[in-house]
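[1] Just to be clear, the model below is a prediction. Sequence and coordinates:
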Amino acid sequence: MEIGDLYYVPQNVMLMQFKETNNNDTAPVAYLKTDKPIKVVVVERYDNDIAEVFYAGQKWCVKGKNLYLLEGKCPL
């Protein structure tokens, strides 16, 4: 998974946004469950198999197992 690569996320996957709290923890502040497959761009990778992606004008976090690299023919 490389920053800037185009991926698709299948239907029924949870995307989340987080906010840092005062004690450097993170708390979820927004959720989005995909109702159809979507295309996203990876903007950041984290060590815990989580990626930050850009979708619909916002940054979202998603598990790496839910990202599929778009190569050759697009499945959408």
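    It's in. Quick caveat, the model's predicted, so the values are computed rather than measured.

[2] how about residue 65, phi and psi?
    phi -70, psi -10 (degrees, to the nearest 10).

[3] and it, what does it touch?
    Taking Cβ atoms under 8 Å, 6 or more residues apart in numbering, we find residue 65 in contact with residue 49. The C-beta positions use only the backbone N, C-alpha and C, and glycine is treated the same way.

[4] ok, it to residue 57 distance?
    For residue 65, the distance to residue 57 equals 25 Å [Cβ to Cβ, to the nearest Å].

[5] ditto for residue 64
    Counting by Cβ to Cβ, the gap from residue 64 to residue 57 is 22 Å.

[6] So between those two, which is more surrounded?
    Taking neighbours as other Cβ atoms under 10 Å, residue 64 and residue 57 compare with residue 64 leading, 14 against 5.

[7] Could you tell me how many residues sit around the nearest residue to the more buried one once chain neighbours are set aside?
    Sequence neighbours aside, residue 49 is the residue nearest to residue 64 in space, at 4.3 Å (criterion: Cβ to Cβ, 6 or more residues apart in numbering). If you count neighbours by other Cβ under 10 Å, residue 49 ends up with 11.
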